[in-house]
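Participant: return a 3D structure for these sequence lines:
(4 chains)
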Number of protein chains: 2
Amino acid sequence: MNIYDIAKEAGVSIATVSRVLNNKGTVSAATRARVEAILKQNNYTPSAIARGMVSKSMRTVAVLTVDIRVPHYARTAYTIEREFSRRGYEVILCNTGGDRAETLRYLQAVNQKQVDGIVLVGSVFDTICQGAEMEKLLSGVPVVLANGKLDLPNAYSVTVDDKYGVSLAVEHLVARGRKNIYYIKDRDTDSAKSKRDGFLEAMRRNGLEFADHVLEAGETLASGIVCGEDLTAAGALKALLRAGLRVPEQVAVVGFNNSDYAHLCEPVLTSIDNKPEQVALLCVQLLESSIERSEAYSSVVLQPELAQGETS
Amino acid sequence: MNIYDIAKEAGVSIATVSRVLNNKGTVSAATRARVEAILKQNNYTPSAIARGMVSKSMRTVAVLTVDIRVPHYARTAYTIEREFSRRGYEVILCNTGGDRAETLRYLQAVNQKQVDGIVLVGSVFDTICQGAEMEKLLSGVPVVLANGKLDLPNAYSVTVDDKYGVSLAVEHLVARGRKNIYYIKDRDTDSAKSKRDGFLEAMRRNGLEFADHVLEAGETLASGIVCGEDLTAAGALKALLRAGLRVPEQVAVVGFNNSDYAHLCEPVLTSIDNKPEQVALLCVQLLESSIERSEAYSSVVLQPELAQGETS
DNA sequence: CTGAAAGCGCTTACAG
DNA sequence: CTGAAAGCGCTTACAG
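Facilitator: Predicted coordinates:
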C-alpha cells in the first residue's frame, strides 16, 4: 500500500496525499478529511526509505563504542539512544572493540547508509581515527566524541577532565592523612595516560614521593590506592581483604567511574564520578544542533566529582 | 558523486557501472578495468538508501530491549550486534524500558524504516507485545524473541529454562545440607514467575517446607538463599555480611545470571549461568535464516548450568 | 557485452 | 486548493 493506492482510493493526486501526510501546503478541510479516513482505514505507513531518497536522510545516527558490555559505555550509549529517540532519530550501535579495522568497516557501512551524525564514545577513537582514510569517512557528517578529541572542522568533543579526577582522589587521600599513595593503571588509552599524569602531578604538588614499596599484610599502614577504573579498584579491594588487610582502616581505596561496581563492593568504594549521563546528553545536544541547524559549537569539558564511599 | 557521474567519466551507461559494482551480469575485462579505475579515483560509495529503495531492504535489524545498562541485556545485545555486523547488517538499538507505549513507538519507527528483522530481548515482551496493534507491527517482518515467546507465525523464540535454573540452585543447596531455603524474587515478569515456580517445585520435590522465619544474626544456620538476579544476591550478601553472618559457613547464597556482579562479590557468588551469548547467537542464526531464506525453524530452549562460586 | 527505459515510493517546485 | 511532472540514485528485465 503506497501513496499511489491512497491517492486512487481518495480520488486525489499523490501530491495532495503527501500534503496531508506532512501537513505542508494547503489542503481543503473536506479533502483532508477524506484522505485521512482512507489513510487510517488502510493503516498506511509511509516508506522512510523513499523519504530518505529525497531528503538524503534516514533520521539515523551511529554510535561507535568499544564494547557496550562495559558499564561506563553502556550508561553513555543508553542516554545517547534515549535522547535521540526522543528527538525522532534511530540509533545504530557499533561495538568496535577499539579495533582500527573494525572501526573502519563500521564507518564505511554507516557512510553508505548516510547517517545524519556519528557519536564516538571512548578516548581510543582519537588515536584510531587518525589518517586520511578515516578522516575522509568522518568529514561528510557531523561528528561528536565523548571523552575524546579529534582535529576535524566538523567534529566536536565532550570530555571529562580525567586528570583532574585522579588529582581529586589524591587530594582526598592526602587530606585524610594517607602518606603512601599508589596508583594502579590499566589499559593504555589517552584517558588512562591523563589519569596517570593527574596522579603524578597531584603527588608532586603535595610533596609526596612516589612510593614503590610493597604492602604487607598485618602492617598498620596509612596507605591509599587510587585506581583508574572501578573494576580495578574492586579487584584491589578483594585482594586486600583476602590478604587480611582492613579497608579503610589500614588501606584506603578509590576507584573511577562511580559505577554499580563501586556500589556493590563491601565496603562501598569511594570513586570518582565522571558523569557519563551528562556527557551523553551534551553529545546529543551538540550533534543535534549540528545536524538540524548546522551551527558551530565549541567543545565542552566537564569536571568530575568525588563520590564518597566507605573505602576512604 | 553518483552512478551517473561515474558512467559519464567512464564513457559507459549506468547499467554497466551497476554491473561492475555488483559483479552481476557480464562486463568485458577492459570496460571493467576502466570503470573500476574511475570508481577508485573518485572514491565512489553507492547510496544504501537508493539501493534500499529498489531492494526494499536497508540490511538493518532492530534490537528492542529493556535497558542496555543491565549487564545481562548488554551481553545479549553485544553478541547480537557483533554477529549481525559480521553478516553485513547494521543494528538499531532500542531501550524500551519495558514500557508498552515506548515499545509501540519504536516498532512504528523501525517499521517505517523497513528493517529486515526484529529481535526482542527480555521476557517482558511476551506480555507487552499482545494486542492487535502490536501484532500488526510485528507481522510484516521476521521476529525472534530472546527469553520470551510470542504466538505469531513469523516469530521464533530462544529461551532458557529459568525454572530449571532455579531448581538447579535448590538441588545444589539441598545436596550441601541446607535445610531452610529461601527465595528472593524481584520484578514481576514471566521469567521471574518461572523462577519462583522452579523454586517452589524443587522445594516440594525435596520435601522441604517453605520456610518463612527470619534470619537472625549470630544464629548458626544451615540456611540458603536463592535469588532471581545476581544484583539481588549481591545485595543479600552485603546485608548478611553487615549483619555479622558468615557466608557460606552460616548462610549460602546463590544468584542468577553468572554476571560480573557475581565475580566481583567477596566471596564470589555461586550463580546460575543462563548463557546469554549462546541465546544471542541462536537468535541471530534463526533471524538470518528467516530473512535470507525465509525458512521455517522451530524455537529453541537452552538449559542453564550452575556456576560454582564461594558462597555455597 | 552493452545501453535505453522503467520502476522503487516519495517530495517539491511549478502551473493553473 | 490541486495536479502533472521531474527528480532522488540505484537495479533489472529487455533489446540489440
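Participant: quick one, what contacts A:R176?
Facilitator: Residues near A:R176 by C-beta atoms under 8 Å, 6 or more residues apart in numbering or on different chains: A:224, A:252, A:312. In this view, the C-beta of every residue, glycine as well, is placed from N, C-alpha and C.
Participant: highest neighbour count among those residues?
Facilitator: A:G224 (27 neighbours; other C-beta atoms under 10 Å in any protein chain shown).
Participant: tabulate the contacts of A:R176 (CSV), appending distance to A:M53.
Facilitator: Shown next, in CSV, are these (distance: C-beta to C-beta, whole Å):
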residue, distance to A:M53
A:G224, 60
A:A252, 60
A:S312, 58
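Participant: for A:N274, what are its contacts?
Facilitator: A:72, A:160, A:162, A:165, A:256-258, A:302, A:304.
Participant: correction: the previous question concerned A:N111.
Facilitator: Contacts of A:N111 by C-beta under 8 Å, 6+ apart are A:137, A:140-141, B:45.
Participant: ok, the residues you listed vs B:I128, which is closest?
Facilitator: A:V141 (34.1 Å; C-beta to C-beta).
Participant: so how many other residues sit close to the closest one?
Facilitator: Neighbours of A:V141 under the rule other C-beta under 10 Å: 21.
Participant: what's the pLDDT at it?
Facilitator: Predicted confidence (pLDDT) for A:V141: 94.
Participant: what of A:A222?
Facilitator: pLDDT at A:A222 comes out at 67.
Participant: one more: A:L215?
Facilitator: For A:L215, the model assigns a pLDDT of 47.
Participant: can you show me the strands along the stretch 1-150 of chain A?
Facilitator: Listed in chain order, the strands of the stretch 1-150 of chain A (DSSP state E, counting those that start in this stretch) span A:60-65, A:90-95, A:117-121, A:143-146.
Participant: burial count for the residue lying closest to A:D273 once chain neighbours are set aside?
Facilitator: Distance criterion C-beta to C-beta, 6 or more residues apart in numbering or on different chains; nearest residue to A:D273, sequence neighbours excluded, is A:N258 at 3.9 Å. By other C-beta under 10 Å, 23 other residues sit near A:N258.
Participant: how about the one 5 residues further on?
Facilitator: Taking other C-beta under 10 Å as the neighbour definition, A:H263 ends up with a count of 16.
Participant: just A:S57 next, same as before
Facilitator: 15.
Participant: that one is in contact with A:Q114, isn't it?
Facilitator: Yes - if you go by C-beta atoms under 8 Å, A:S57 and A:Q114 touch, sitting 6.9 Å apart.
Participant: relative to chain B, how far out is A:T65?
Facilitator: According to C-beta to the nearest C-beta, to the nearest Å, A:T65 stands 10 Å off from chain B.
Participant: in contact with the residue most central in space within chain A, which residues?
Facilitator: Nearest to the mean C-alpha position of chain A, counting by C-alpha atoms, centre = their mean, stands A:T76 at 3.8 Å. A:T76 makes contacts with A:65, A:121, A:146, A:276-277, A:279-280, as judged by C-beta under 8 Å, 6+ apart.
Participant: spatially nearest residue to the residue of chain A found nearest DNA strand D, not counting backbone neighbours?
Facilitator: At 2.2 Å from DNA strand D, A:T26 is the closest residue in chain A, using C-beta to the nearest atom of the strand. Nearest residue to A:T26 in three dimensions, chain neighbours excluded: A:R19, at 7.5 Å (C-beta to C-beta, 6+ apart).
Participant: next, count neighbours for the one you found.
Facilitator: Using other C-beta under 10 Å, A:R19 has 18 neighbouring residues.
Participant: ok, it touching A:S13?
Facilitator: No - counting by C-beta under 8 Å, A:R19 stays clear of A:S13, with 9.5 Å between them.
Participant: about what we covered before: and which of the contacts of A:T76 is nearest to A:I80?
Facilitator: Nearest member of these to A:I80, counting by C-beta to C-beta, is A:A280, at 4.7 Å.
Participant: any bit of the strand or helix carrying the closest one sitting next to DNA strand C?
Facilitator: Assigned by DSSP states H and E, A:A280 belongs to helix A:276-292. No - Helix A:276-292 stays out of contact with DNA strand C when judged by C-beta under 7 Å from any atom of the strand, the minimum separation being 14.3 Å.
Participant: for A:C283, what are its contacts?
Facilitator: By C-beta under 8 Å, 6+ apart, the contact list for A:C283 reads A:80, A:119, A:144-146, A:158.
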